[in-house]
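A.B. asks: From the sequence below, what's the structure:
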Amino acid sequence: MAKDKKRYKRRGRRSKTRGFASWSLGKKIGAILGGTLVTVAAIGAVIVASKLSKINTVKLDTDKLSVSKEAKKRGSGYLNVALFGVDSRDNDLDKGTRSDTIMIASLNKKTMKVKIASIYRDTLSEQEDGTLNKINAAYSYGGPEGALSVLNKNLDMNIEHFNSMIDVVDSVGGIDIDVQEDEMPYICGYVQEIMKVTGKLSPGVTEPGTQTLNGVQATAYARIRYTAGDD
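C.D. replies: Numbering: from 1, shown residues only. Here you go, the predicted model:
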């Protein structure tokens, strides 16, 4: 009985010391990597949130955007964002300016892939008042809400978001562009104009080649329409 009791106590003491030290090498590595991945994911979420919070947005009345119930249900797996390039030179994003560049960026929430489609500015479309006109007129007549409404009505989309190109580019740390030498004078010229209008400071481009452009520089680059690439 004494021997059995003594042997039982040894087992009890041994079971108390079992833990991480007794795990297999693979189990230890898995636990460490799991903890590391959770930490990295948490840090990444904080960084993304901080960058997105810097993007200037305009609050829209979603009841005026002509999104059908079918489009909302069908497009629930996507985030669609409208990108407009307006012809205003005084940073006026309201009515009275025409959107000569219209793009739709579509984010697949499941695969996290983004696709961008351009809408020709001369596309004949039904306006909010029922008349037919070029699609770039919608922004001039109704501002951001009117333009989104016409896109949703004519293309059966569920777009409820639009953003400023400068803020979007800056929020992701810039964009890599292979700048050609004949494009440099136009970029520098437009940078000066954009700075005066927006109050955002930026250097020009001093040399050709692949480089990371900030939001102001990228917007200036996008405005070039006088070189071999036209617009």
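A.B. asks: Sketch out the helices for the chain, chain order is fine.
C.D. replies: Remark: helices assigned in the chain by DSSP state H are 2-17, 25-52, 69-74, 137-155, 165-171, 184-198, 215-222.
A.B. asks: residues near Thr123, how many?
C.D. replies: The local packing of Thr123 (other CB atoms under 10 Å) involves 14 other residues. Just so you know, the C-beta spots here come from the backbone N, C-alpha and C atoms, and that holds for glycine as well.
A.B. asks: typo on my end, it should be Ile116
C.D. replies: By other CB under 10 Å, neighbour count at Ile116 equals 10.
A.B. asks: again, but for Thr227
C.D. replies: Thr227 sits with 13 neighbouring residues when counted by other CB under 10 Å.
A.B. asks: tell me, which of the helices of the chain is the model least confident about?
C.D. replies: Per-stretch mean pLDDT for the helices of the chain is lowest at helix 2-17 (a mean of 48).
A.B. asks: Count the residues that sit near Pro185.
C.D. replies: Residue neighbour count, defined by other CB under 10 Å, stands at 14 for Pro185.
A.B. asks: how far away is it from Arg225?
C.D. replies: 14 Å (CB to CB, to the nearest Å).
A.B. asks: Quick one: residues contacting Ile116.
C.D. replies: By CB atoms under 8 Å, 6 or more residues apart in numbering, the contact list for Ile116 reads Leu83, Met103, Ile104, Ala105, Ser106.
A.B. asks: Emit the ChimeraX select command for whichever of these are buried.
C.D. replies: Entered in ChimeraX, the line below selects the buried ones among the contacts of Ile116, by 16 or more other CB atoms under 10 Å:
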select :83,104,105,106
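A.B. asks: In a markdown table, list the contacts of Ile116 along with pLDDT.
C.D. replies: Output for the contacts of Ile116, formatted as a markdown table (pLDDT from 0 to 100):
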| residue | pLDDT |
| --- | --- |
| Leu83 | 85 |
| Met103 | 89 |
| Ile104 | 89 |
| Ala105 | 87 |
| Ser106 | 87 |
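A.B. asks: Pick the one among the contacts of Ile116 closest to Gln180.
C.D. replies: Among those, Met103 lies closest to Gln180 (CB to CB), at 22.5 Å.
A.B. asks: Identify the bridge partners of that closest one.
C.D. replies: Met103 forms beta bridges with Leu83, Ser118, as assigned by DSSP bridges.
A.B. asks: how about it, what does it touch?
C.D. replies: Ala82, Leu83, Ile116, Ala117, Ser118, Ile119.
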